[in-house]
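Peer 1: Attaching a predicted model along with its sequence, questions to come.
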Amino acid sequence: KQWYQRRVRGPATAKIVGGYAEQFDDVTLVWEENATLLSQTILSSFPRTYSWVFCCGNKARVSGVLPTALKENGVELKHLVVYTVEKRRDFDKHLSQLDVSSFKAVVFFSPSGVEFAEGSLSGKLSPSCVLVAFGKSTAATLTQCFGDKFVISICEHPTPLGVFNVLMSL
């Protein structure tokens, strides 16, 4: 068995894939900070005739940054759903135990998180609460769901330090 090169998005994924990759010969593991950089790396480093498998959740956006960039450049990308994203059944119960009106900020790491929380948070957050988006797709979903009711801040880099920097700037 051989893996020649694997491209992943994010250090946590790289660590997991790297653990499996150690079982194989001739492996090069490279991670990128976001989907835009990952698509640029794929397009600049590999022939357009290669096919790619996008291991994702059931909520993955077929029109997201990576799928769109590859499709526009004639690169085949197959989606393989490997996990399910769903709202916790007890989310509203736990949320009702918090004074959400006192929140200074709420951080969202994914578009699906925004969609799951929208109905539960609507009308409960203070107008001065800042909604923080981990990335551009999450920011777009925040704007779609909450409109201009709140200030939306986007992390400059989708990393823990990016979240910290946004929160420290509030």
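Peer 2: It's in.
Peer 1: average pLDDT across the one helix or strand M168 maps to?
Peer 2: Assigned by DSSP states H and E, M168 belongs to helix 160-169. Mean pLDDT, helix 160-169: 92.
Peer 1: so what does that helix touch, helix or strand wise?
Peer 2: Helix 160-169 is packed against strand 105-108, strand 130-133, strand 151-154, with contacts defined by 3 or more Cβ pairs under 8 Å, 6 or more residues apart in numbering; DSSP states H and E. In short, each C-beta sits where N, CA and C put it, glycine included.
Peer 1: Let's see that with 6 Å instead.
Peer 2: If you count contacts as 3 or more Cβ pairs under 6 Å, 6 or more residues apart in numbering; DSSP states H and E, helix 160-169 packs onto no helix or strand.
Peer 1: Contacts for that helix next, please.
Peer 2: V107, V132, S153, C155, E156 (Cβ atoms under 6 Å, 6 or more residues apart in numbering).
Peer 1: so how far is it off the chain centroid?
Peer 2: In terms of Cα atoms, centre = their mean, to the nearest Å, the centre of helix 160-169 is set 16 Å apart from its chain centre.
Peer 1: residues of it that come out buried?
Peer 2: Neighbour counts over helix 160-169 (16 or more other Cβ atoms under 10 Å) mark G162, V163, V166 as buried.
Peer 1: Among those residues, pick out the one closest to S128, please.
Peer 2: Distance to S128 across the buried residues of helix 160-169 (Cβ to Cβ) is lowest for V166, with 15.6 Å.
Peer 1: ok, the residue positioned nearest the centre of the chain to M168 distance?
Peer 2: The C-alpha lying nearest the average C-alpha coordinate of the chain belongs to S110 (Cα atoms, centre = their mean; 4.9 Å). Distance, S110 to M168, by Cβ to Cβ, to the nearest Å: 22 Å.
Peer 1: Mind jotting down where the helices sit in this structure?
Peer 2: Counting by DSSP state H, the chain has helices at residues 11-21, 35-45, 65-72, 91-96, 111-121, 136-146, 160-169.
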